[in-house]
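[1] Let's see this in three dimensions:
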Amino acid sequence: MEFTGLHSIFPQGKQPSLFDSPAEWYLKARQSVRKFTVCQLGLSIFSSEKSNKYVAHSYNFFLFPTTFGLMDSEFSFQASSIKFLTHYGFEYSKFLKDGIPYMNEEQKKTLQQHLLTGSWSIRSALDKDRLKVVIEEVTRWVPSAEEGDFMVLHDIKGFQIFDVQLILRQALLDIWTIPTGDQEVTVKKVNPRHRWQLENTSFDLCRKEHVLLSAQGFTNLFQTLVKAKKPLVGHNMMMDLLHLHDKFYKPLPESYEEFKRNIQSLFPILIDTKNVTKAIWKVNNKNLLWKMKCLLYTLWMSPTWP
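    Modelled structure (predicted):
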C-alpha cells in the first residue's frame, strides 16, 4: 500500500519511540492514519492448482476517496512521502483523476440517509456548474416536449451520471432519465403513471442500491475479501491494517484492544512476513554461527593455516 504520508509531525518529546508500548504506538499511529489517505493498493490472490503449485493473480488499484453528493474528505500530503513516490514513478494522474472511490461503514450510512430522504444535494463546485447547465437545457426543452419525446445529455462524467439523474428526477416529475452510452444520459418525457412504473422497476440503474454499490467502489472488493476469510499476508503490515480498518471498515477506535478485536474479526489469519523472517532467522542463526565456528576451527587446525 502507498499513502500520501506516513507519520504526522509530533511535538518534541511525543514522537513515536521504540520504548512505546503497543497501545501507545497505536494512539500515535492512529493520528497519522486519520490525517493521510491510501493512494495505491496492490493485491495478489493465490489459487492452488492440482499439480502441486499456486498461481498468483496480481492487481494494482489507484484509490481516491468518494466525492459524491454531499460526501467529501480531507487528507494531507507529506513532502517526504511525495518525494519517495515521485522517485519511484508514481502516476499521480491515475490517483487524482482515475482513482477508484471507497468509503467506510460510517460514510455509507451517511450516504444512505441522503438517498432515503430524496432531497439530493451536491457539494462539488465543478459538479454544480455542470448540473446548472444541464438543468437549464432540460427545463427549456420540457414545456414544448410531447410524451415519449427524448433528449440526450452529453459529457456527463463519473458520479455526475448519478447526480444529474437524481437532481432532475427530484425537480421534474414528468420526465425519466436513463444512462445511455459512454458519458450520456437520455431524458424522456413521461406521464405520472408511467413514471411510477419506471420508479419501481428493478432495471433502473439509478435505484438507491445501485447508486450505493457504485459509490462504495473498492470497498465492495474489501468486503468480499473479509467474507472469504482467507489468510492475509503482508510485509511489515501494521500501518496497512490501520488504514484498511479506517478507510474501508470503520474509523479507528481510540482503544487499541478494540482495534485488535475488530481486525481479528475481519481477518482471522494474518501473516506478516517480517515477523516470519525474524522467527526463521532466530532458528537458523544459531545453526549458522555453529557452522562458522566449526569452519574457523577446521581452518585453524589446518597445516596450511598462515
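[2] residues contacting residue 23?
    Residue 23 makes contact with 256-257, according to CB atoms under 8 Å, 6 or more residues apart in numbering. No exception for glycine: its C-beta is placed from N, CA and C like everyone else's.
[3] swap the cut-off to 6 Å and go again
    Shown in contact with residue 23 (CB atoms under 6 Å, 6 or more residues apart in numbering): residue 256.
[4] Repeat that for residue 254.
    Contacts for residue 254 (CB under 6 Å, 6+ apart) come out as none.
[5] Confirm that it sits in a strand.
    No: judged by DSSP: H, G, I helix; E, B strand; the rest coil, residue 254 forms no part of a strand; its state is coil.
[6] Distance of it relative to residue 3?
    Distance, residue 254 to residue 3, by CB to CB, to the nearest Å: 21 Å.
[7] next one: residue 55
    According to CB to CB, residue 55 and residue 3 sit 30 Å apart.
[8] and the two? which has more neighbours close in?
    Ranked by neighbour count (other CB atoms under 10 Å), residue 55 and residue 3 place residue 3 first, with 22 against 9.
[9] May I have the phi/psi pair for the more buried one?
    Main-chain dihedrals, residue 3, degrees, to the nearest 10: phi -120, psi 160.
[10] How about the one 5 residues further on?
    Dihedral angles phi and psi of residue 8 (degrees, to the nearest 10) take the values phi -60, psi 160.
[11] and for stretch 5-12, what are the contacting residues?
    Stretch 5-12 has contacts (CB under 6 Å, 6+ apart) with 31-32, 35-36, 76, 78, 81.
[12] In ChimeraX, how would I select just the buried ones from those residues?
    Paste this into ChimeraX to select the buried members of those, with burial taken from 16 or more other CB atoms under 10 Å:
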select :32,35,36,78,81
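[13] Test for you: state the pLDDT assigned to residue 170.
    pLDDT, residue 170: 85.
[14] cool, and residue 136?
    Looking at residue 136, the pLDDT reads 90.
[15] what helix or strand does it sit in?
    helix 125-141 (DSSP states H and E).
[16] Contact partners for the residue most central in space within the chain?
    By CA atoms, centre = their mean, the mean C-alpha position of the chain lies nearest to residue 102, the distance being 4.0 Å. Contact analysis of residue 102 by CB under 6 Å, 6+ apart lists 63, 217-219.
[17] for it, phi and psi?
    Taking degrees, to the nearest 10, you get phi -160, psi 160 for the backbone angles of residue 102.
[18] Return the subset of the contacts of residue 102 lying in helices.
    The helices, defined by DSSP state H, take in 218-219 from the contacts of residue 102.
[19] If we only consider the contacts of residue 102, which is nearest to residue 281?
    residue 63 (34.1 Å; CB to CB).
[20] Show me what the longest strand seen in the chain is in contact with.
    As assigned by DSSP state E, the longest strand anywhere in the chain is strand 38-49. Defining contact as CB under 6 Å, 6+ apart, one finds that strand 38-49 is touched by 1-4, 54-63, 95, 243, 247.
[21] Drop anything exposed from the residues you listed.
    Buried subset of the contacts of strand 38-49 (neighbour count, 16+ other CB under 10 Å): 1-4, 61-63, 95, 243, 247.
[22] No further questions, thank you.
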